[in-house]
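Predicted model, plus sequence, below.
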Amino acid sequence: MHAPTYSPQNVSHLESGSASLPARLKVVVLKPLAEDQMAALRKHHEVVVLSSYTSAEALDAALRDALHDAHGLISSGLTITPSLLDAAPQLRVICSVSVGYDNYPLEAMNARGILLCNTPDVLTETTADTGFLLIMATARRAVELANLVREGHWKHNIGEAHFGSDVHGKTLGMVGMGRIGAAIARRGALGFGMRVQYSNASPKPELEAELGAHRVELDTLLESSDFVCVTVPLSPETERLIGQRELEKMSSHAILINIARGRVVDEAALIACLESGGIRGAGLDVFEQEPLPAESPLTRLPQVVALPHIGSATHETRHAMAQRALDNLLLALKGQSPLSAVNVSHWTRKG
Ligand code: DGY
């Protein structure tokens, strides 16, 4: 017997009436996807979109209300608490439009059999571009000097007081050598002739062969790198990994780059170190508190380039991330393995 083949006609017939089709489930979307993606989602499921709330309390109340009978959630950025999960007894999957998942209560999700999907790979190169942007901008003082021009203070040829430092040929120390770390290291080694060293839980022999990179202890990396670039995920082990002790190990000409999570670096210690000239500068895409409060010294120190968490924020990449979250959700709600997830082994799979 041949398996049935579906023509466009019998697909639409099936969609309008067959009992064998998977049920339409309820999906809550916290971050609206592109129009084509929303249409694809609505084709399969009932969708409730929550956006534009005036306060965190109002959003929390709306979310609890929407989640009480929801099976799926597409989210990003928002901190999901175990108490929110209690308000969502039918929830089967949360799809985050992000690679990082430190804002989800993984243990509580595991205990409830809820799947957590993320979006690795599709954002690797864009986030590495942001990392390299921060390396270049801090080394060459691009923001500070562009502001000087903008504010009408360019009256003479630029002199030594405004010189930056070279990037090419310098030593790049990668704290963490996952996908994004490797993509930054590749830019440094192959594009800028940088010597790459890294600290990572496991060795990366292929990268060592490809880039001539060396794995070293964190202290050695801090003491001997011109650029220290932090790319480790936030976890109890990496929280405040770079504190006063670590900053003091860095050379006064070195630059710290953080594109991981703000809490991996002790921000107060970093500010003190920058203010006392302990390191030359910092390029930061992430902060302990986001949005960064306007009164933070990091907004006014000229040797700091602070970006509003834009690691993956390009049209192309955010669309690809949303697509990955959508694909993950559609698969998971059918009980099929998603393209990327962090806790499949704890998932109570239902089709
Ligand atoms: C990520 O994908 O984790 C980015 O940092 C956005 O949160």
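Thanks, I have the structure now. Numbers count the residues shown, from 1 in each chain.

all strands of the chain, in order?
26-29, 46-49, 72-75, 93-96, 115-117, 171-175, 195-199, 214-215, 227-230, 255-258, 281-284, 304-306 (DSSP state E).

out of these, nearest to the ligand?
For the strands of the chain, the distance to the ligand is smallest for strand 93-96, at 7.8 Å, taking CB to the nearest ligand atom. Every C-beta, even on glycine, is put in place using the N, C-alpha and C of the backbone.

So is that closest one next to the ligand?
No - using CB under 6 Å from any ligand atom, strand 93-96 stays clear of the ligand, coming no nearer than 7.8 Å.

Sheet partners, orientation included, of that strand?
Partners of strand 93-96 in the sheet, by DSSP bridges, are strand 72-75 (parallel), strand 115-117 (parallel).

about what we covered before: let me have the strands of the chain in JSON lines, extended by mean pLDDT and mean neighbour count.
Below are the strands of the chain laid out as JSON lines (pLDDT from 0 to 100; neighbours: other CB atoms under 10 Å):
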{"stretch": "strand 26-29", "mean pLDDT": "98", "mean neighbour count": "24"}
{"stretch": "strand 46-49", "mean pLDDT": "97", "mean neighbour count": "17"}
{"stretch": "strand 72-75", "mean pLDDT": "98", "mean neighbour count": "26"}
{"stretch": "strand 93-96", "mean pLDDT": "98", "mean neighbour count": "28"}
{"stretch": "strand 115-117", "mean pLDDT": "98", "mean neighbour count": "26"}
{"stretch": "strand 171-175", "mean pLDDT": "99", "mean neighbour count": "26"}
{"stretch": "strand 195-199", "mean pLDDT": "98", "mean neighbour count": "22"}
{"stretch": "strand 214-215", "mean pLDDT": "98", "mean neighbour count": "15"}
{"stretch": "strand 227-230", "mean pLDDT": "99", "mean neighbour count": "26"}
{"stretch": "strand 255-258", "mean pLDDT": "99", "mean neighbour count": "27"}
{"stretch": "strand 281-284", "mean pLDDT": "99", "mean neighbour count": "25"}
{"stretch": "strand 304-306", "mean pLDDT": "98", "mean neighbour count": "22"}
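
Indicate which one of those is closest to Ala341.
Among those, strand 115-117 comes nearest to Ala341, with 4.5 Å by CB to CB.

could the strands paired with strand 93-96 be laid out in JSON lines, adding distance to Leu63?
Below are the strands paired with strand 93-96 laid out as JSON lines (distance: least, CB to CB, whole Å):
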{"stretch": "strand 72-75", "distance to Leu63": "9"}
{"stretch": "strand 115-117", "distance to Leu63": "17"}
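
quick one on the thing from earlier: in TSV, list the strands of the chain along with distance to Ser345.
Formatted as TSV, these follow (distance: least, CB to CB, whole Å):
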stretch	distance to Ser345
strand 26-29	24
strand 46-49	29
strand 72-75	20
strand 93-96	14
strand 115-117	10
strand 171-175	28
strand 195-199	28
strand 214-215	29
strand 227-230	29
strand 255-258	31
strand 281-284	35
strand 304-306	39
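
just to revisit the earlier point, out of the strands paired with strand 93-96, nearest to Leu326?
Across the strands paired with strand 93-96, closest to Leu326 is strand 72-75 (CB to CB), at 7.3 Å.

For Leu330, give its distance to Ser337.
According to CB to CB, to the nearest Å, Leu330 stands 12 Å off from Ser337.

who has more neighbours, those two?
Per other CB atoms under 10 Å, whichever of Leu330 and Ser337 has more neighbours is Leu330, with 20 against 14.

nearest residue to the more buried one other than its sequence neighbours?
Excluding its sequence neighbours, the residue lying closest to Leu330 (CB to CB, 6 or more residues apart in numbering) is His44, at 6.1 Å.
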